[in-house]
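1. One predicted model, sequence on top.
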Amino acid sequence: MPKLEFPDGSTSDLADGEPIAGALGPDAIAARVGDRLVDLSFVPTEDASVAPVLAGEADGLHILRHSTAHVMAQAVCDLFPGAKYAIGPPIEDGFYYDFELHQTLSPDDLPRIEQRMAELVQADQPFVREELGREEALERFADQGFKREVIESLDADEGAGGETVSIYRNNGWADLCLGPHVPSSGRLGAYKLLSVAGAYWRGDEHREQLQRIYGTAWPTQEQLDGYLHRLEEAERRDHRKLGRELDLFSFPDELGAGLLVWHPRGGAFRRALEDFVREIHLDRDHGYKPVFTPHIARSVLWETSGHLAKYADNMYPPMHDEHDIDYYVKPMNCPFHVLVYKSKTRSYRDLPMRLFELGTIYRHERTGTLHGLMRIRGGTQDDSHIICRRDQLVDEILRAFDLTLEIHRTFGFSDFVVNLSTKPGMAIGDEQMWAEATQYLQKALDSSGLDYTVAEGEGAFYGPKVDFHARDAIGRLWQLTTVQCDFALPERFDMEYMGEDNERHRPVMIHRAILGTLERFTGVLIEHYAGAFPLWLAPEQVRVVPIADRHAEAAHALARRLHESGLRAEVDDSRETVPKKVRAAQLMKVPYTLVMGDREIEAGTVSVRDREGHEVRGVAFEDFVGKVTEEAATRSLHASSFEPAPSTSA
RNA sequence: GCCGGCGUGGCGCAGUCCGGUAGCGCAAGCGAUUUGUAAUCGCUAGGUCGUCGGUUCGAAUCCGACCGCCGGCUCCA
């Protein structure tokens, strides 16, 4: 164990995680993590003396949450005799702990557990680290099967101590643990238990299913409140709720799980989205060519592609015709695009060939995985396949990255986490193929200047891929774009082109979807914008509100003129009061509401209210139309501002 | 698929524990009001209580199966 050097020059060979009073200053409490000290002093104490946080706060938060998890596990074991406990790590924003209990937990049990935790905090039990020999540890956890399993698997893992294991003990309760922990249970911060759920032991669906309790923990009550507030904010943005409220789509029971219908307002939105995606792909610079392919195909296609072998369970069962030929509904578009390519002999001059389709696919996802628009059984991908020569591959991958960034910028996504996913356990194609395909992606990534991390074994079964996760308006990451490099399907489908050398060559294929499915992307956008779409995507861009019946005709005339300018405008001529109609428009998040009364008709102006509630009266109609059509045409993310027309009356 | 929770008019909910044939608000329709920037007033209509089966004299309520939704796990071409 390496010696630690403290700021004052002294050294220590304290064990990992052991609290070190005064190591970072007179009032600070630190713990050793690996080869550095982590300040624990932000953890609130009654004297509230807080030294500067010298090490990363994330480390301290981890320690705090991990310690909270221990205390919770202790509380659960106190309340539920015979409890078996599995693992309880810190996670983003909190922690969980898995248990096997004689009874099933319900959310109603959480307050009791919190109550018991409070007593343990009150007792201020020290976290005591102990090192045990393996045999000793096995004995200590004699009635804790999960712990014994962990201990027994330890020497398989590199550097886990081998002969000894460490435990952390609070009074009589102890857990196998590397630490570190806060010095005592009285030093937990603000915490709250959130939910109970099922989880498999070791993440293996063939093993025991345990009961998991999720909780969150923060240094201060304010931070906890802030987190709970963020949860509420996320709930407020929930696309399933907003989708209903904004009348965008629904999932009728009669269709079956995971299948939806788009309502007119959702249709207007989707149309705008599709127009944008189509336009940008098909323009001269990006050079994609539109193709259209059917929704079903004979089984032979899926046998060749390998989908039947690997994904039969997640495909809808086949239908067969009078000749007993099986037809499958397509779960992917790629084999069809391969057939487009193979429809005639290709020359090296034809490459790269970039095929674009808004392709609708059906996947029989397991019921428990469905989630609003985020995971559905029928949806439409902005699916493209780029077939090219190897010498074109890196450039084509880079072009796909550029298009990805360009498209996402339009929606206000600028912060990405990028992964390079490598060969999974079950894959087609040989090692060399995989190595080469991965190299090309890596090369493109390196020259793109994008930061990325390698996700081992996360690739598609036919090739490695690069995934883009975009950060939304409230900081959440969504996996959207995937760019996959495929040497396997060209082989399986025997794709060829005639080279300059008059020989046959095998092309390579890039699979890429930038938005993913339009449905999922719509869900992400709803949450990103909290339903307040930028003008160009808003289902209804302008709502005209006549004040009294006598203004209805003028209101409809106005809406007609807006339509002629290419805007989506509606008139609310219901016999309600103006405040009520304004409220209705606000609730539907219509970008602009125009209130029409005598003054506007007389002056030929409009009274503009945006959905933030800003109101400007007496705006010249041409000024309004000009700015708003510009805002829509440029796909601006920002609302226009208006000023009253200068008075022209003499 | 697995664990747990849930399913009552278009939406949000009460009633379910302790069986006795459904109630509120919003939305909708009608009437009055003709309204100036986030909810005018009144009236009316609308539900075989997810579906099927069982227990019972009687089921929204108890039991079972199925369908669907929610929180997770697993999976995600």
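-> That came through fine. Numbers count the residues shown, from 1 in each chain, chains lettered A, B, ... in the order given.

2. Hmm, residue A:290 is touching residue A:277, no?
-> No. Judged on CB atoms under 8 Å, residue A:290 makes no contact with residue A:277 at a distance of 11.3 Å. Yep, even glycine has a C-beta here, placed from its N, CA and C like the rest.

3. near RNA strand B at all, the biggest helix by length in chain A?
-> The residue-count maximum for a helix in chain A (DSSP state H) belongs to helix A:57-79. No. Residues of helix A:57-79 are not located near RNA strand B by CB under 7 Å from any atom of the strand, the shortest gap being 15.0 Å.

4. What strands line up against the following helix or strand past that helix, and which way round?
-> Downstream of helix A:57-79, the first helix or strand assigned by DSSP states H and E is strand A:84-85. Partners of strand A:84-85 in the sheet, by DSSP bridges, are strand A:94-100 (antiparallel).

5. which element is the nearest residue to residue A:460 once chain neighbours are set aside on?
-> Closest residue to residue A:460 apart from its sequence neighbours, by CB to CB, 6 or more residues apart in numbering: residue A:484 at 5.4 Å. Assessed by DSSP H and E, residue A:484 sits inside strand A:477-486.

6. Okay, buried residues for that strand please.
-> Neighbour-count burial for strand A:477-486, with 16 or more other CB atoms under 10 Å as criterion, is recorded at A:478, A:480-486.

7. Same question for stretch A:389-404.
-> Using 16+ other CB under 10 Å as the test for burial, stretch A:389-404 gives A:389, A:392-394, A:396-401, A:403-404.

8. Likewise for stretch A:343-363?
-> Buried, per 16+ other CB under 10 Å, within stretch A:343-363: A:346, A:348, A:351-363.

9. ok, so what distance separates the residue most central in space within chain A from residue A:318?
-> The residue lying closest to the centre of chain A (CA atoms, centre = their mean) is residue A:478, at 2.5 Å. Counting by CB to CB, to the nearest Å, the separation of residue A:478 from residue A:318 is 33 Å.

10. In contact with the nearest residue to residue A:320 once chain neighbours are set aside, which residues?
-> Counting by CB to CB, 6+ apart, residue A:320 lies nearest to residue A:326, which is 5.0 Å off, once chain neighbours are set aside. Residue A:326 makes contact with A:298-299, A:318-320, according to CB atoms under 8 Å, 6 or more residues apart in numbering.

11. ditto for residue A:549
-> Applying CB under 8 Å, 6+ apart, the residues near residue A:549 are A:573, A:575.

12. got it, and residue A:511?
-> Taking CB under 8 Å, 6+ apart, one finds A:334, A:383-385, A:460, A:463, A:465, A:482-484, A:486 in contact with residue A:511.

13. Can you check what pLDDT the model gives it?
-> For residue A:511, the pLDDT comes out at 97.

14. Which strands border the strand or helix carrying it, and is each parallel or antiparallel?
-> Residue A:511 belongs to strand A:508-517 when elements are defined using DSSP H and E. In the sheet, strand A:508-517 lines up against strand A:378-388 (antiparallel), strand A:477-486 (antiparallel) (DSSP bridges).

15. For the residue nearest to the centre of chain A, which non-adjacent residue is closest in space?
-> Nearest residue to residue A:478, sequence neighbours excluded (CB to CB, 6+ apart): residue A:524, at 4.8 Å.

16. just checking, what packs against the strand or helix carrying the one you found?
-> Assessed by DSSP H and E, residue A:524 sits inside helix A:518-529. Packing partners of helix A:518-529 (3 or more CB pairs under 8 Å, 6 or more residues apart in numbering; DSSP states H and E): helix A:239-245, helix A:264-282, strand A:378-388, strand A:477-486.

17. And these: which comes nearest residue A:189?
-> Minimum separation from residue A:189 across the helices and strands packed on helix A:518-529 (CB to CB) falls at strand A:477-486, 25.4 Å.

18. Can you get me a residue count around residue A:269?
-> Using other CB atoms under 10 Å, residue A:269 is surrounded by 26 other residues.

19. so who does it touch?
-> A:248, A:522, A:533, A:537-539.

20. 7 Å - rerun?
-> Counting by CB atoms under 7 Å, 6 or more residues apart in numbering, residue A:269 touches A:248, A:533, A:537, A:539.

21. in which helix or strand would I find the second one?
-> When you say that, I think you mean residue A:533. Using DSSP H and E, no helix or strand contains residue A:533.

22. pretty sure the residue nearest to the centre of chain A contacts residue A:469?
-> Yes. Taking CB atoms under 7 Å as the definition, residue A:478 is a contact partner of residue A:469 at 6.4 Å.

23. now residue A:376: how far from residue A:521?
-> For residue A:376 relative to residue A:521 (CB to CB), the value is 12 Å.

24. the more surrounded of these two?
-> Taking other CB under 10 Å, residue A:376 and residue A:521 do not tie; residue A:521 has more neighbours (26 against 21).

25. and the closest residue to RNA strand B within the stretch 251-400 of chain A, how many neighbours?
-> The stretch 251-400 of chain A approaches RNA strand B most closely through residue A:368 (2.1 Å), counting by CB to the nearest atom of the strand. By other CB under 10 Å, the residues close to residue A:368 number 7.

26. now residue A:640
-> For residue A:640, the neighbour count with other CB under 10 Å is 19.

27. does it sit in a helix or strand, and which one?
-> Residue A:640 belongs to no helix or strand when assigned by DSSP H and E.

28. Quick check: it vs RNA strand B, distance?
-> 16 Å (CB to the nearest atom of the strand, to the nearest Å).

29. That residue contacts residue A:633, correct?
-> No. Here residue A:640 does not reach residue A:633: they are 11.9 Å apart, not a contact under CB under 7 Å.

30. List the buried residues for the helix holding residue A:524?
-> With burial defined by 16+ other CB under 10 Å, the residues of helix A:518-529 counted as buried are A:518-529.

31. What is the nearest of those residues to RNA strand B?
-> residue A:520 (9.7 Å).

32. Do a quick rundown of the helices in the stretch 401-550 of chain A.
-> A:431-448, A:488-492, A:518-529 (DSSP state H, counting those that start in this stretch).

33. can I get these in a markdown table with mean pLDDT and distance to residue A:612?
-> Output for those, formatted as a markdown table (pLDDT from 0 to 100; distance: least, CB to CB, whole Å):
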| stretch | mean pLDDT | distance to residue A:612 |
| --- | --- | --- |
| helix A:431-448 | 95 | 37 |
| helix A:488-492 | 94 | 50 |
| helix A:518-529 | 97 | 13 |
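
34. Take those and lay them out in CSV including distance to residue A:91.
-> Formatted as CSV, the helices of the stretch 401-550 of chain A follow (distance: least, CB to CB, whole Å):
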stretch, distance to residue A:91
helix A:431-448, 28
helix A:488-492, 36
helix A:518-529, 21
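
35. To residue A:339, which of those helices lies closest?
-> Closest approach to residue A:339 among the helices of the stretch 401-550 of chain A (CB to CB): helix A:488-492, 11.4 Å.

36. How far off centre is that closest one?
-> Relative to its chain's centre, helix A:488-492 lies at 31 Å (CA atoms, centre = their mean, to the nearest Å).

37. What of stretch A:325-332?
-> 29 Å.

38. Need the distance between the two termini of that stretch.
-> Using CA to CA, to the nearest Å, one end of stretch A:325-332 lies 20 Å from the other.

39. And RNA strand B, is it touching that?
-> Yes. Counting by CB under 7 Å from any atom of the strand, RNA strand B is contacted by stretch A:325-332 at A:331-332.

40. Any idea which of the helices of the stretch 401-550 of chain A gets closest to residue A:509?
-> helix A:488-492 (5.5 Å).

41. And the contacts of that closest one?
-> A:304-306, A:334, A:338, A:428-429, A:433, A:462-463, A:506-509.

42. mind running it again at 10 Å?
-> A:303-306, A:334-335, A:337-338, A:341, A:385, A:387, A:427-430, A:433-434, A:437, A:460-463, A:486, A:495-497, A:506-509, A:511 (CB atoms under 10 Å, 6 or more residues apart in numbering).
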